[in-house]
Structures are given as structure tokens and as C-alpha cells.
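**Q** The following block contains a protein sequence and its predicted model.
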Amino acid sequence: MVSVFRRIRNGSSHSVSGSKDSSRHDYEDPDLDTSKHEGPFVDLDDVTGDCSAEQTSQRESMAEFVRGADEQFAEMCVSTNRGSFRSVKLSELHKPMRLLGSGEFCTAYLTQLDGKEVVVKMLKPEQRDNPTAAADLQSEIYLMISMKHRNVLRAIAMGRDEHGLPFLVVEKLATILANELPKPVDSVPFWTRKAQTKKWPLSRALHVAIELAQSLDYCHSRCFTGWRVLHRDLKPNNIGFADDGRLILFDFGLAKLWKITEGDDGTEVRKLTGNTGSLRYMAPEVALSKAYSHKAEVFAFATLLWQMIAHERPFKDCDVNTFYRRVCNQGERPKVPSGVPPPLADLLHSCWKAEVNERPDFPEVIATLTDILGAEASKK
């Protein structure tokens, strides 16, 4: 989602991503950080149709626009949200709105609704005729109005602008993970770098990782009965923090619904759109356009956790071709820093396994990280 968040600050591709961050001093290959799109899947004429408040219209829209949804899912969500979600007019938002930033498809503005600061996410004017842009935003809106978790960005309201195009009103974030992590060694003075790394002791990385794992466990197992939500674009630019310090997962523009079939024990893989997300954090099976599952996000999670404890950008010396050769084909993984507790190193290696079904699920990840955090606290 654009950000306060960051589609925004880096003007990258589809997500709040950072593919054109001028502060980068490691390998300058924007394709490694750019979010890849799944492509159009509805006609723009359908996206810009009348936004009816009737439940039938809501159900039909949700089934049509959310990737992987069907009528059963739409009925469940409409029933859950009946009378609990707000539709607003653009005129209800405080003017003037302050530009937070723009990306390829969307722009985010800081504004007020009912006297409280909020962020509104809208299509850029030049994207109004782009079916991919409109469909991505509409899919994200219908998902987010149905998701309720302390570590998932809270959707406040939705509406349509004067052109009939959708917009989403969400809570304001205090910052994003990309802004909090230490900057590359050669981009800041050594004393600045030292101060930044000092702010990321192992205990902080573990706390953040546990909350991220909880948000993903919610998406995979607890959000919708009988369904999983695959985020498909995990990276520091899509992880934020609320004013109270809570981790917030956002930007569901590439998310995909996965209907759990009868007898599915979590080992099923499907031929979904490959090369979706940001390559630096992408599981090999996704990058290679092979069949994949929610376990691809376990791989991405481990890479994010490694970045928080190693204070380095993963695969910083790779371009796209090198990434495919070394990571996807030769099985290279980030080197775990010395001094990392053995159980944590074991967890990282387990999450990075090439065999998808040998990777742990997030309840196991959460339990392991909680034990490690407790062991670290007992040493003090």
C-alpha cells in the first residue's frame, strides 16, 4: 500500500517499494527491489462502475475483484462486514491534503477524517485508464476492509472519486522498517552507522520478527475460515510501525486468496503467477515461476529477519542475473553472523530450505523465536 508508507518515498514500482532509493550504495539494480505485477485481470469499465452499498453489489464486486475470491468468500466477507464499514465521499476528507509521495500507480496523501489524521490512497491521474492499477487497488481495498488484526494496517473507510475510481482511507503510520534499519556502510559516516546498528540489538530484531510472524500467521491461517491470504510482497518498505510501536504489515496490492481444499494439510503447491513481489526477498520457487504456496513467505520472512540481525541488505552484491544463478539455482543463502544463537541460526536455515514443505509454519516460527527471546532475556 502506498505509504506513509512508501510507494511513496522511493517512487518505486507497484508497492511502497524502494526501487529508486537514491540513498542506496550497494548494488544499483532497481529490478532487485521492484515489486512485480501480476497483470490486469478485469476491464477498467468494470472497475469504474457504480459503487452500490447494497449487499448484492458488494458481494459481486468482491468476488470479481479480489484475486482468488469466489461467491462463497464474498458472501462470508459481506456478512462479516455488514454495517461495520464506512463509505465516504472525497469531500469529507480535510482539504488541502498533503502529498506524502507517489509510486508507479498510486499516490498517498495525509488528510483528516472526523478530525483525526489519516492517509488516503488514490490512483495517480495518469493511471486512471490503467486496468492493472485500478484492479490492484480495488482488490486491496476489498481485502483490507475485511482484515482485522493488531499487526495489519487498519482500513478506516473506502470511497470513489469524481472519476468513479476507488480510494482507500487507512490509519497513519509513524514510520516504516526501511527507514529504521541501519543504512549501508558506505552511505553514512562510520559513527552514524555505529549508532544505527546499536539501535538494533538482537532483542529488538526478535521482537519485530515475532510480530511480523504473527501478522503472517493471521494471513495464512486465521484471517478467513477456509482461506489463506498470501501477501506476496514482503520487504522493509511494506512493514511499518504505529505510533505505539506496534509492527504493521501493509500493501496488499499483490495479495492472493488461496482457498484451502479438502484434505489440504498445508503441503499443497499451486501454479500461481511467478516472479511476483520483490526479487531480493523472493523465494526461489516464485522467482523461477514454479508452483508455490504460503511457505514462500516463510523464506521471505527469514531474509527479513536476517537483515535485522546482520544489519546488511541481503544479496547486496547481486544483480538480477547473479541472484538467479547464485540464489535460485545454486542454493546460496545469506551468511548468518557469528554470535547468533544456534537455535536462531537453525531456524533461518530451516526457513530457507529449497524443499518448500521442509520449511516451518508460522506457529512454529513464533514459538521458536519466543523461546530464543526468553533465553536472551535470561542472560541479562
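**A** Cool, the structure landed. Numbering: from 1, shown residues only.
**Q** okay, and the helix or strand of this protein with the least pLDDT?
**A** helix 44-47 (a mean of 29; mean pLDDT, DSSP states H and E).
**Q** got any ranges where the stretch 51-200 of the chain has weak pLDDT?
**A** 51-84 (pLDDT under 70).
**Q** any idea how far the closest residue to Y324 other than its chain neighbours is from Q214?
**A** Leaving aside its sequence neighbours, Y324 sits nearest to A287 (C-beta to C-beta, 6 or more residues apart in numbering; 6.7 Å). Yep, even glycine has a C-beta here, placed from its N, CA and C like the rest. Between A287 and Q214 the computed distance is 26 Å (C-beta to C-beta, to the nearest Å).
**Q** repeat for A242
**A** For A242, the distance to Q214 - C-beta to C-beta - is 14 Å.
**Q** Name the residue in these two with the higher neighbour count.
**A** Neighbour count, other C-beta atoms under 10 Å: between A242 and Q214, Q214 has more, with 22 against 17.
**Q** Wait, a helix at the more buried one?
**A** Yes: counting by DSSP: H, G, I helix; E, B strand; the rest coil, Q214 is located in a helix.
**Q** ok now do it, which residues does it touch?
**A** Q214 makes contact with H149, N151, F362, I366, according to C-beta atoms under 8 Å, 6 or more residues apart in numbering.
**Q** From I248, how far out is it?
**A** 12 Å.
**Q** and if you look at G226?
**A** 26 Å.
**Q** Show me which of the two is the more surrounded one.
**A** Using other C-beta under 10 Å, the more surrounded residue of G226 and I248 is I248, with 26 against 13.
**Q** circling back: tell me, what's touching Q214 and I248 both at once?
**A** In contact with both Q214 and I248: N151, using C-beta under 8 Å, 6+ apart.
**Q** Nearest spatial neighbour of G277, chain-adjacent residues omitted?
**A** D233 (4.4 Å).
**Q** Just say helix, strand or coil for that neighbour.
**A** coil.
**Q** quick one on the thing from earlier: identify the farthest-apart pair in the contacts of Q214.
**A** The most widely separated members of the contacts of Q214, counting by C-beta to C-beta, are H149 and I366 (13.7 Å).
**Q** These two: which has the busier surroundings?
**A** Between H149 and I366, counted using other C-beta under 10 Å, the more crowded position is I366 (19 against 16).
**Q** And this protein, what are its domain boundaries?
**A** 30-171, 175-378 (automatic domain parsing).
**Q** Tell me how far the longest one lies from the chain's centre.
**A** Spelled out, that is domain 175-378. Centroid separation between domain 175-378 and its chain, computed with C-alpha atoms, centre = their mean, to the nearest Å, is 11 Å.
**Q** go on, stretch 132-143?
**A** 14 Å.
**Q** got the CA positions of it in CSV?
**A** Output in CSV follows, covering the C-alpha atoms of stretch 132-143 (Å, rounded to 0.1, in the frame of the first residue of the first chain):
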residue,chain,number,x,y,z
THR,A,132,-3.9,-3.1,-13.8
ALA,A,133,-3.6,-0.1,-11.5
ALA,A,134,-7.3,0.1,-10.8
ALA,A,135,-7.7,-3.6,-10.3
ASP,A,136,-4.8,-3.8,-7.9
LEU,A,137,-6.2,-1.0,-5.8
GLN,A,138,-9.7,-2.4,-5.8
SER,A,139,-8.5,-5.9,-4.8
GLU,A,140,-6.5,-4.4,-2.0
ILE,A,141,-9.5,-2.4,-0.8
TYR,A,142,-11.9,-5.4,-0.6
LEU,A,143,-9.3,-7.4,1.2
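**Q** buried ones in it?
**A** For stretch 132-143, burial by neighbour count (16 or more other C-beta atoms under 10 Å) applies to T132, A133, A134, A135, D136, L137, Q138, S139, E140, I141, Y142, L143.
**Q** so the second one, which of the three states?
**A** Each residue gets one of three states, and A133 gets helix by three-state DSSP.
**Q** likewise the last one?
**A** Three-state secondary structure (criterion: three-state DSSP) places L143 in helix.
**Q** Find the residue closest to it in space, skipping its chain neighbours.
**A** Nearest one to L143, counting by C-beta to C-beta, 6+ apart, is F252 at 5.1 Å.
**Q** what about the one you found, how many neighbours?
**A** 28.
**Q** ok now do it, which residues does it touch?
**A** M1, S139, E140, L143, M144, M147, V229, H231.
**Q** Tell me how far it lies from L165.
**A** Computed as C-beta to C-beta, the F252 to L165 distance reads 18 Å.
**Q** ok, back up a step: quick one: which of the contacts of Q214 sit in helices?
**A** Those of the contacts of Q214 mapping onto helices are F362, I366, per DSSP state H.
**Q** Export the contacts of Q214 to JSON lines and append columns for distance to N329.
**A** Shown next, in JSON lines, are those (distance: C-beta to C-beta, whole Å):
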{"residue": "H149", "distance to N329": "36"}
{"residue": "N151", "distance to N329": "34"}
{"residue": "F362", "distance to N329": "27"}
{"residue": "I366", "distance to N329": "31"}
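**Q** of the contacts of Q214, closest to R326?
**A** For the contacts of Q214, the nearest to R326 is F362 (27.1 Å; C-beta to C-beta).
**Q** show me what contacts that closest one?
**A** For F362, counting by C-beta under 8 Å, 6+ apart, the contacting residues are A213, Q214, L216, D217, H220, S221, V298, F301.
**Q** R86: how many residues sit nearby?
**A** 14.
**Q** Quickly find the element holding the nearest residue to it once chain neighbours are set aside.
**A** Using C-beta to C-beta, 6+ apart and skipping the chain neighbours, the partner closest in space to R86 is A157 (4.2 Å). Assigned by DSSP states H and E, A157 belongs to strand 155-160.
**Q** Much appreciated, bye for now.
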